[in-house]
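1. just the structure for this:
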Amino acid sequence: MSYPHEGTDYIVHPGEVLDDILTSRGIDRRAFARRIDMLDSTLEEIIDGRDIIYGSHLNRLAEELNMSVEIWENLYRKVGLI
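-> Sure thing, here's the model as predicted:
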């Protein structure tokens, strides 16, 4: 089967990926921000693509979502933010 965009790389901002994950898992943004010790407004900025997540917050986010830090670092590299 052939797909119309087969072989095309799409660049998706990590904030959009995070929003999709939280939504699909039914996780409230404010509750998630508190669980990773982050201000609600900072999480909103990350999701909206106006900020990036790094350092200890990145570690907590990855752990909380049961994902690796490298996944998030690679997403940020793809969009040229690190």
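
2. quick one: the helices in this structure?
-> Taking DSSP state H as the test, the helices found in the chain are 14-25, 29-35, 40-47, 55-64, 69-78.

3. what's the most buried one of those?
-> Among the helices of the chain, helix 40-47 has the highest mean neighbour count (mean count of other C-beta atoms under 10 Å), at a mean of 17. For the C-beta atoms, the positions are set from N, CA and C on the backbone; glycine is no exception.

4. so which residue is smack in the middle of the chain?
-> L18 (3.3 Å; C-alpha atoms, centre = their mean).

5. surely that one touches G49?
-> No. Taking contacts as C-beta atoms under 8 Å, L18 lies outside contact range of G49: 10.3 Å.

6. identify the residues contacting the spatially closest residue to N59 that is not a sequence neighbour.
-> Nearest residue to N59, sequence neighbours excluded (C-beta to C-beta, 6 or more residues apart in numbering): V69, at 6.1 Å. Residues counted as contacts of V69 (C-beta atoms under 8 Å, 6 or more residues apart in numbering) are L58, N59, A62.

7. separation between the first one and Y10?
-> I take that to be L58. 23 Å (C-beta to C-beta, to the nearest Å).

8. please apply the same query to the second one.
-> Taking C-beta to C-beta as the measure, N59 falls 27 Å from Y10.

9. and if you look at the last one?
-> In this structure, A62 lies at 22 Å from Y10, with C-beta to C-beta as the measure.

10. which residues of the protein score low on pLDDT?
-> Judged by pLDDT under 70, the chain has its weakly predicted residues at 1-9, 81-82.

11. switch the cut-off to 50
-> For the chain, the stretches flagged by pLDDT under 50 are 1-3.

12. hmm, back to that, for the contacts of V69, give me TSV that also has distance to T23.
-> As requested, the contacts of V69 are exported to TSV (distance: C-beta to C-beta, whole Å):
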residue	distance to T23
L58	20
N59	22
A62	18
